[in-house]
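Trainee: can't give you the sequence, but here's the structure:
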């Protein structure tokens, strides 16, 4: 597979990288080598290998979504905060 300069520029743009010409050439060479190495997997005979979707037994554990009574009231929880305003916890400005 041939990697073009346009594809390298597109990858750099997607990654928000600015690359010099020599860096683009180095990246192009590295990507060619990586793809060449990965293409060796095509040589494997997997005709008698069953696809593996999961390597161990696992299943979702679902529980009913139920509202349960709480020991603390809204007022009791707000009393634990440093500041509150209109029944909400007031926090310092982040930005």
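Mentor: Happy to help now that I have it. Given the structure is predicted, the values throughout are model-derived calculations rather than measurements. Numbers count the residues shown, from 1 in each chain.
Trainee: what distance separates stretch 11-19 from the centre of its chain?
Mentor: Centre-to-centre, stretch 11-19 and its host chain are 19 Å apart (CA atoms, centre = their mean, to the nearest Å).
Trainee: Next: stretch 31-45.
Mentor: 25 Å.
Trainee: Identify all contacting residues around that stretch.
Mentor: 1, 3, 8 (CB atoms under 8 Å, 6 or more residues apart in numbering). Where C-beta positions appear, they are placed from N, C-alpha and C, glycine not excepted.
Trainee: Surely the second one touches residue 25?
Mentor: Okay, so that is residue 3. No. If you go by CB atoms under 8 Å, residue 3 and residue 25 don't touch, sitting 10.8 Å apart.
Trainee: ok, back up a step: so which of the contacts of stretch 31-45 are in helices?
Mentor: Among these, the subset assigned to helices under DSSP state H consists of residue 8.
Trainee: ok, so of the contacts of stretch 31-45, who is nearest residue 57?
Mentor: Residue 57 has its nearest neighbour among the contacts of stretch 31-45 in residue 1, at 38.4 Å by CB to CB.
Trainee: Per-residue confidence, the residue nearest the centre of the chain, what does it come out as?
Mentor: Closest to where the C-alpha atoms of the chain average out (CA atoms, centre = their mean) is residue 15, at 14.5 Å. pLDDT for residue 15: 93.
Trainee: Residue 75 too?
Mentor: For residue 75, the model assigns a pLDDT of 89.
Trainee: Ok, residue 68 next?
Mentor: pLDDT at residue 68 comes out at 87.
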